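In: Generate a structure from the sequence data that follows.
(one chain, ligands or ions: 1)
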Amino acid sequence: MITGQNYIGSRRSAEGSVTYRTINPKLNTENKWECTEATKNEIDEATRLASQAFKTFRKSSPEERAAFLDAIADEIENLGDELIEVYCQESGLPQGRAQGERGRTMFQLRSFAEMLRKGNWMETAIDLAIPDREPMPKPDLRKTYIPLGPVVVFGSSNFPLAYSTAGGDTASALAAGCPVIVKSHPMHAGTGELVASAIIKAAEKTGMPNGVFSNLNSKGIEVGIQLVNDPKVKAVGFTGSIRGGRALYDIANQRPEPIPVFAEMGSINPVVISQGALESKGDSWADTYAGSITLGTGQFCTNPGLILAVDSPELDVFASRLAAKIVEIDPMCMLHPNIKRAYSNLKTEVTEQAGVTMLSNEVPTDGNFADQAVATVNGASFLENPKLHQEVFGPFSIIVKCENKEQLLKIIEGLEGQLTGTILAEDSEIPSLTDVVDELQHRVGRIIFNGVPTGVEVCPAMNHGGPYPSSTDSRFTAVGLHSIKRWIRPISYQDFPMELLPNELKNA
Ligand code: NAP
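Out: Numbering: from 1, shown residues only. Below you'll find the predicted structure:
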């Protein structure tokens, strides 16, 4: 049952007077549970407990943390249908998506548990001493990794489960040995509370210290700002807008002790289509991309928002088919009235720019349902107008008709950092793609050949991040097992007695 209270460690608490309700975007009505924003004192108590819990949690064995993560997955499963119902009521997303995302969330938790048990994730190094080295003896040096300390997680609006309360950031931080304080997303606070209750149960069952996890409600930005400014917080994970991520990044850098903010933010995910692909598979790529652009109502960070090709009659055929196919898909509900408003405003702003033509017919929609659309513009207009480079979060894509390959390469070179870049081409064209690959790989974190960017696999080889502003630190991934590296730091032990070394560095 949802109480609307915060979790300050394992204690439920609602001392404050600021309350709010989440919205059912399909019905455009408020949900019945009332949430209470965390007070300054409650936030202080959560960070104090996290800091205290860190002293024990950092000493937990990988097996103990693995058992904790597995127990969280089990307890999420035990939440049963209530979790799915609340998820749908707070997000407007369909039941199948809720079930799929719950499965992904449990899979992520169990994957980190498995990684901890295998014990091969730390890149430890041992350099034995050479006492008789000339002219100086070489010391015994051994390097391992230790957790940073309490982490604040800002869950995303577009993945209420997989990238929120017990999502990728939380799972990876707990796996690393860092206590987590979640700043609950106000659009799905009920879903967040249910998942938080599962984490607290799992912590109690597996003997984790009180404060290893807290969940704080917020109606506005103040709770997050206090958390990021708190000296006991040592790192931040964020998924959302460039504006929000950048604001938190700046706050973290202005602290007396700056801390890392791993923010995964906006991206328009360019797709380059070759002439060969347009000629031989233009129709099927148009159909595939109509599905990719509208998947999840276009509310994916990997949504293909920009399609680039050299102008040709085949590109016109592709563009017309994509525009026709996209409007055949039933409009779907967006996550929140604010997201719908932002989508409508940005789409209008982009399509009103000089040289932009709307290709798709208008889709009649009600309430928070999104009218999917495709527009087109020529390469010169795109190059000179930065407003056309911004993310339109929703089912919208703009096709840029480039004059020639040189202009296409210039456009890629001028793009801001992106999560993904995609190339659609025929095998016979592969030798001529080197320059496109070279430009594209320096603007993106993941490069895809003959596929769609939507769909992010959870595995060690996945990189989900990219040059700014798609993320604040392109050296780390936010998805997949290597995301644990965001929450640890290296430490070297020099000439250390064997008894005092961490287990992974001992000779035995
Ligand atoms: P958001 O506005 O960036 O908010 C995300 C979280 O950060 C919220 O919990 C919010 O707290 C907090 N926050 C935002 N600005 C802050 C600030 N200045 N100081 C402290 N905390 C701050 O993202 P959203 O609410 O999820 O969606 C809004 C827009 O973000 C979307 O329309 C879309 O354009 C973009 N978005 C992009 C992606 C992507 O993957 N590319 C994903 C999600 C959203 P409060 O809500 O409590 O204020």
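In: Run through who's touching the helix or strand encompassing Asp169.
Out: Asp169 is located in helix 168-176, with elements delineated by DSSP states H and E. By C-beta atoms under 8 Å, 6 or more residues apart in numbering, the surrounding residues in contact with helix 168-176 are 65, 68-69, 72, 108-109, 112-113, 115-116, 147-148, 151, 153, 155, 162-163, 180, 182, 199, 212-213, 235, 237, 239, 262, 458, 478-479, 483-484, 486-488. Quick note: C-beta positions are derived from backbone N, CA and C, even for glycine.
In: Buried only: go through these for me.
Out: Burial by neighbour count, 16 or more other C-beta atoms under 10 Å: within the contacts of helix 168-176 this picks out 65, 68-69, 72, 108-109, 112-113, 115-116, 147-148, 151, 153, 155, 162-163, 180, 182, 199, 212-213, 235, 237, 239, 262, 458, 478-479, 483-484, 486-488.
In: Out of these, list just those in helices.
Out: Secondary structure assignment by DSSP state H places Arg65, Phe68, Leu69, Ile72, Gln108, Leu109, Phe112, Ala113, Met115, Leu116, Ile199 of the buried ones among the contacts of helix 168-176 in helices.
In: Mind putting these into a markdown table with distance to Leu505 and pLDDT?
Out: Formatted as a markdown table, those follow (distance: C-beta to C-beta, whole Å; pLDDT from 0 to 100):
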| residue | distance to Leu505 | pLDDT |
| --- | --- | --- |
| Arg65 | 19 | 98 |
| Phe68 | 24 | 99 |
| Leu69 | 24 | 98 |
| Ile72 | 29 | 99 |
| Gln108 | 28 | 97 |
| Leu109 | 28 | 98 |
| Phe112 | 22 | 97 |
| Ala113 | 23 | 98 |
| Met115 | 19 | 96 |
| Leu116 | 17 | 96 |
| Ile199 | 31 | 98 |
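In: Can you pick out the most distant pair from those?
Out: The most widely separated members of those, counting by C-beta to C-beta, are Met115 and Ile199 (18.9 Å).
In: so how far is stretch 133-142 from its chain's centroid?
Out: 44 Å (C-alpha atoms, centre = their mean, to the nearest Å).
In: Quick one: end-to-end length of that stretch, please.
Out: End-to-end distance of stretch 133-142 (C-alpha to C-alpha, to the nearest Å): 18 Å.
In: Can you mark which positions in it are buried?
Out: Arg142.
In: what does it rub up against?
Out: Stretch 133-142 has contacts (C-beta under 8 Å, 6+ apart) with 124-131, 492-496, 501, 505.
In: Filter the residues you listed down to the buried ones, PyMOL style.
Out: Only the buried entries of the contacts of stretch 133-142 go into this PyMOL selection, using 16+ other C-beta under 10 Å:
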select buried, resi 493+496+501+505
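In: Going by distance to the ligand, which of the contacts of stretch 133-142 wins?
Out: Distance to the ligand across the contacts of stretch 133-142 (C-beta to the nearest ligand atom) is lowest for Thr124, with 33.8 Å.
In: Would you list the phi and psi of the spatially closest residue to that closest one that is not a sequence neighbour?
Out: Using C-beta to C-beta, 6 or more residues apart in numbering and skipping the chain neighbours, the partner closest in space to Thr124 is Thr144 (4.9 Å). Main-chain dihedrals, Thr144, degrees, to the nearest 10: phi -140, psi -170.
In: same check, this time on Ser267
Out: phi -160, psi 140.
In: Report the contact partners of it.
Out: Ser267 sits in contact with Cys301, Thr302, Gly305, Glu391, Gly417, Gln418, Leu419, Thr420, Gly466, Ser470, where contact means C-beta under 8 Å, 6+ apart.
In: That one and Ala53: what is the separation?
Out: Distance of Ser267 to Ala53, computed by C-beta to C-beta, to the nearest Å: 35 Å.
In: So which of the contacts of Ser267 belong to strands?
Out: Here DSSP state E is the test, and those give Gln418, Leu419, Thr420 as lying in strands.
In: quick check, nearest of those residues to the ligand?
Out: Leu419 (7.8 Å).
In: For Gly244, see how far away the closest one is.
Out: Leu419 is 17 Å from Gly244, by C-beta to C-beta.
In: more crowded one of these two?
Out: Taking other C-beta atoms under 10 Å, Leu419 and Gly244 do not tie; Leu419 has more neighbours (28 against 16).
In: you'd agree the more buried one is up against Tyr468?
Out: No - in this structure Leu419 lies outside contact range of Tyr468 using C-beta atoms under 8 Å: 11.6 Å.
In: mean confidence score for stretch 32-48?
Out: Computed over stretch 32-48, the mean pLDDT rounds to 98.
In: tell me which residues in that stretch are buried?
Out: Across stretch 32-48, burial judged by 16+ other C-beta under 10 Å covers Trp33, Cys35, Thr36, Glu37, Ala38, Thr39, Glu42, Ile43, Glu45, Ala46, Thr47, Arg48.
In: Name the surrounding residues that touch stretch 236-245.
Out: Outside stretch 236-245, the residues that touch it by C-beta under 8 Å, 6+ apart are 151-159, 163, 169-170, 173, 221, 228, 248, 252, 259-266, 301, 391, 469, 472, 478, 486.
In: residues contacting the closest residue to Thr206 other than its chain neighbours?
Out: Closest residue to Thr206 apart from its sequence neighbours, by C-beta to C-beta, 6+ apart: Phe68 at 4.6 Å. When contacts are counted by C-beta under 8 Å, 6+ apart, Phe68 is found next to Ser60, Leu174, Ala202, Ala203, Thr206, Met208, Val212.
In: most surrounded residue in those?
Out: Using other C-beta under 10 Å as the neighbour criterion, Leu174 leads the contacts of Phe68 with 32 neighbours.
In: That one and the ligand: what is the separation?
Out: In this view, Leu174 and the ligand are 20 Å apart by C-beta to the nearest ligand atom, to the nearest Å.
In: before we move on, the earlier item: if we look at the ligand, which of the contacts of helix 168-176 are close to it?
Out: Among those, the ones lying close to the ligand by the criterion of C-beta under 6 Å from any ligand atom are Thr239.
In: Give me the pLDDT for the residue in the stretch 351-500 of the chain that the ligand sits nearest to.
Out: Among the residues of the stretch 351-500 of the chain, Phe393 lies nearest to the ligand; the distance is 3.4 Å by C-beta to the nearest ligand atom. pLDDT for Phe393: 97.
In: ditto for Ser470
Out: We have a pLDDT of 97 for Ser470.
In: How about the contacts made by it?
Out: Contact analysis of Ser470 by C-beta under 8 Å, 6+ apart lists Glu264, Met265, Gly266, Ser267, Glu416, Gly417, Gln418, Leu419, Val444, Gly445.
In: same question, Glu279
Out: Counting by C-beta under 8 Å, 6+ apart, Glu279 touches Glu314.
In: Quick check: which element contains it?
Out: For Glu279, the host element (DSSP H and E) is helix 275-294.
In: Enumerate the residues of the chain near the ligand.
Out: Counting by C-beta under 6 Å from any ligand atom, the chain comes close to the ligand at 154, 156-158, 183, 185-186, 218, 220-221, 224-225, 239-241, 244, 247-248, 265-267, 301, 339, 342, 391, 393.
In: mind redoing it with 5 Å?
Out: Within the chain, the positions lying close to the ligand (C-beta under 5 Å from any ligand atom) are 154, 157-158, 185-186, 218, 221, 224-225, 240-241, 244, 247, 266, 301, 339, 342, 393.
In: Now, the residues you listed that are in helices?
Out: Secondary structure from DSSP H places Gly224, Ile225, Gly244, Ala247, Ile339, Ala342 of the residues of the chain next to the ligand in helices.
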